[in-house]
Each structure stands twice: as C-alpha cells, then as structure tokens.
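**Student:** Sequence first, then the predicted structure:
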Amino acid sequence: QVQLVESGGGLVQAGGSLRLSCAASGRAFSSYVMAWFRQAPGKEREFVARISTAGVIRNYADSVKGRFTISRDNAKNTVYLQMNSLKPEDTAVYYCAAGAVYTHISARYSYWGQGTQVTVSS
C-alpha cells in the first residue's frame, strides 16, 4: 500500500516554471514505477511522464517533451516534475501515480494522489 501526496501547484504566467512534488508513504517506494498524469476541465486524464524504479528510464508525452523533467529520489520517497516554459494549455490538475508496470496507461497504475492544480495564465 502506498499513499501519495502532491504539492507545488499554483498559478503561473505563460513561460514560467513550477516544480511539483509527490511524497510517498508506505512500503517499498523504490519498487514502484512512478508517473504523472493530468486532467484539464472537460477532458480525459492524460499521461505526462513516467520514470522507472531506479530513475534510469524516463518517457514523456510529446506535448511536454523538452519542457518537463521527471525525477525521483528514492531516499526521500519523492518523485518530482519540473515544468518549464509553461503554456496555458498545460493548465490541469496534475496527479502522481504508482504502479508495477512501466506504462503510459493510467488504468495500470494502482495508487494515485489527490492531485494539485496548475494554472497557466496567458
């Protein structure tokens, strides 16, 4: 069982940066694949980024590639999402998720945080 708590969201102007954090409690954080998803109003939840258990392998959605960076610190049981060059279309609730499979498919993740709102103004 893993509990996830996101933080770091907020309001930022286009072109700005935010760093999201997701703190995990429970057992064996380092054994879980971690990912970030987001959901904008009226849209389905979409994959943003994922990172392997040791942090060696990372993948991104095309829409954020080159602007966002996912990382993890297994000693601190935390995963991060550094978001640079933010655009209004990045506005969404951002969720972190933990799972056993390295995938972009949200249904394959077993544990979810409550989400943190990111709003990018133009």
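**Tutor:** Yep, it's here. Numbering: from 1, shown residues only.

**Student:** how near is Val79 to Ile70?
**Tutor:** Going from Val79 to Ile70 by CB to CB, to the nearest Å gives 7 Å. For glycine as for every other residue, the C-beta is placed from the backbone atoms N, C-alpha and C.

**Student:** so what's the residue nearest in space to the middle of the chain bridging to?
**Tutor:** The centroid of the chain falls nearest to Trp36 when counting by CA atoms, centre = their mean (2.4 Å). Beta-bridge pairing of Trp36 under DSSP bridges involves Ala49, Cys96.

**Student:** ok so, going back, list residues touching both of Val79 and Ile70?
**Tutor:** 34, 36, 51 (CB atoms under 8 Å, 6 or more residues apart in numbering).

**Student:** nearest to Ser85, of those?
**Tutor:** Trp36 (16.5 Å; CB to CB).

**Student:** got a list of what the closest one touches?
**Tutor:** By CB under 8 Å, 6+ apart, the residues touching Trp36 are 20, 22, 48-50, 70, 79, 81, 94-97.

**Student:** Can you tell me which of those is nearest Ser106?
**Tutor:** Out of these, the member with the shortest distance to Ser106 (by CB to CB) is Ala97, at 7.0 Å.

**Student:** got the contact list for the closest one?
**Tutor:** 4, 34-37, 106, 109, 111-113.

**Student:** quick one: which of the residues you listed is nearest to Arg27?
**Tutor:** Tyr111 (11.3 Å).

**Student:** buried ones in the one helix or strand that closest one maps to?
**Tutor:** Taking DSSP states H and E as the definition, Tyr111 sits inside strand 109-112. Of all the residues in strand 109-112, those buried under the rule 16 or more other CB atoms under 10 Å are 109, 111-112.

**Student:** Fine by me, thanks again.
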